[in-house]
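> sequence plus predicted model, see below.
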Amino acid sequence: SATPPINQLQERANMFRQEELKKCTRKLSQNDNFSDRELEAVERLSRGIVNKMLHGPMSHLRRAESVEKKQAALSELSSMFRLDDEAGGRGRGRRRR
């Protein structure tokens, strides 16, 4: 079944979204000009971006016509998004800002 890799991808994307959102809101909340309503709008924006980014890969998986094609797509997805890596490949090859 494709469900575990799909769930892994959604969880990984949401984890990254929350980490980046936390950094962003920390900076924005230091600015007295941002209200709770505006910070919530940033939260909704981040969720919308993640959902739109994941829509294509998820649709591709769900449309796979045969078990073999679905398995191949799952393998590609796992490789592309490093779903099998314990830490999701975080930090490797990335410069910290």
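Great, that's in hand.

> which pLDDT value goes with the closest residue to Asn14 other than its chain neighbours?
Excluding the flanking residues, the one nearest Asn14 by C-beta to C-beta, 6 or more residues apart in numbering is Val50, at 6.6 Å. Every residue, glycine included, has its C-beta placed from N, CA and C. We have a pLDDT of 95 for Val50.

> other SSEs contacting the helix or strand Val50 falls within?
Taking DSSP states H and E as the criterion, Val50 maps to helix 36-63. Counting contacts by 3 or more C-beta pairs under 8 Å, 6 or more residues apart in numbering; DSSP states H and E, helix 36-63 packs against helix 3-29, helix 67-80.

> which one, of the ones you listed, ends up nearest to Glu43?
helix 3-29 (6.3 Å; C-beta to C-beta).

> in the closest one, which residues are buried?
Pro5, Ile6, Gln8, Leu9, Arg12, Ala13, Asn14, Arg17, Leu21, Thr25 (16 or more other C-beta atoms under 10 Å).

> just name the closest of those to Phe34, please.
Of the buried residues of helix 3-29, the one sitting nearest to Phe34 (C-beta to C-beta) turns out to be Thr25, at 8.7 Å.
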